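Asker: Structure for the following, please:
(one chain, ligands or ions: 1)
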Amino acid sequence: MIEVRQLQKSFGSLDVLKQITFDVTPGEVVAVIGPSGSGKSTMLRSLVHLEEVTGGSISICGKMLVENGSYTSSTAIREITSTMGMVFQHFNLFPHLSVRDNLELAPRTLKRESVQQITAKSRELLAKVGLADKADVYPSTLSGGQKQRVAIARAMMLSPDILLFDEPTSALDPELTGEVLRVIRQLAEENMTMIIVTHEMSFARDVADRVFFMDNGEIAESGTPDEIFGNPKLERTRTFLMRE
Ligand SMILES: Nc1ncnc2c1ncn2[C@@H]1O[C@H](COP(=O)(O)OP(=O)(O)OP(=O)(O)O)[C@@H](O)[C@H]1O
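Answerer: Now for the predicted structure:
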């Protein structure tokens, strides 16, 4: 479903991703952990073309986004990236739009579905994240946890095959993380394919099928949660977890 080969990204002389290779299969939940600056966000953002990589290949659902550092056409890039939804640490909701309009803007622009279908879907997704009564309010009136649940509902509006989360709870007060993690957990139970960059170790251990430990631009260690969290021989992961 996602095939990444020898992905490289440099900012000037700084090598942020160093020949990263991995696959994600349909329905799999991958948690990405690792120290600050190890390249987790850059890796995630590369998958949706928010960063242009400097080398390597990314294939999404059998379609090449970038092959040996050369990107496909801009039309194909749009088509491929529209199969993925992304949720950011700081929600990135449009402040001047109501909750409902935040959800409906992209699908209305794309015009793949009728207005009625789009309205029905936004209503259904808001109910799914427990915010059916917030359709007409503006983001500024919501708590952080509510904003993030709106962002998740918005990311689902185009019926993505894959959801990507970049530290979805890092900007939240501790008492608000639970409501967001519950929504992500429910998506995992529904077999949504997801990559989640997170500092929530117990959540990663619980929900992920596989864990990538990134360090210094590489996937230094990867395995099932038990292999990653329960193996005292994984020295780099161990040192990181002691510090967390
Ligand atoms: N636009 C940019 N220009 C220059 N350097 C950048 C840029 N974006 C990221 N970097 C650098 O790339 C490295 C990796 O950053 P990235 O945000 O991917 O790490 P991260 O593992 O997600 O960290 P964190 O957990 O703090 O979010 C860091 O050294 C960062 O300073």
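
Asker: Helix or strand next in line after the biggest helix by length in the chain, which one?
Answerer: When secondary structure is assigned using DSSP state H, the longest helix within the chain turns out to be helix 174-189. Next helix or strand after helix 174-189 toward the C-terminus (DSSP states H and E): strand 193-197.

Asker: before we move on, the earlier item: what's the offset of the longest helix of the chain from the middle of its chain?
Answerer: Here the centre of helix 174-189 is set off from its chain's centre by 14 Å, with Cα atoms, centre = their mean, to the nearest Å.

Asker: Stretch 78-87 too?
Answerer: Between the centre of stretch 78-87 and the centre of its chain there are 10 Å (Cα atoms, centre = their mean).

Asker: can you pull out the strands in the chain?
Answerer: Here the chain has its strands, by DSSP state E, at 2-11, 14-24, 29-33, 55-60, 63-67, 70-71, 84-87, 162-166, 193-197, 210-215, 218-223.

Asker: how about the nearest residue to the spatially most central residue of the chain, chain neighbours excluded?
Answerer: Among the residues of the chain, the one closest to the centroid is Leu164, at 1.5 Å (Cα atoms, centre = their mean). Of all residues beyond its chain neighbours, the one nearest Leu164 is Met86 (4.7 Å), with distances taken as Cβ to Cβ, 6 or more residues apart in numbering. Where C-beta positions appear, they are placed from N, C-alpha and C, glycine not excepted.

Asker: Go ahead and name everything in contact with the longest helix of the chain.
Answerer: Residues from elsewhere that reach helix 174-189, judged by Cβ atoms under 8 Å, 6 or more residues apart in numbering: 29, 128-130, 143-146, 148-149, 152, 163, 165, 168-169, 172, 194, 196, 200, 203, 206-207.
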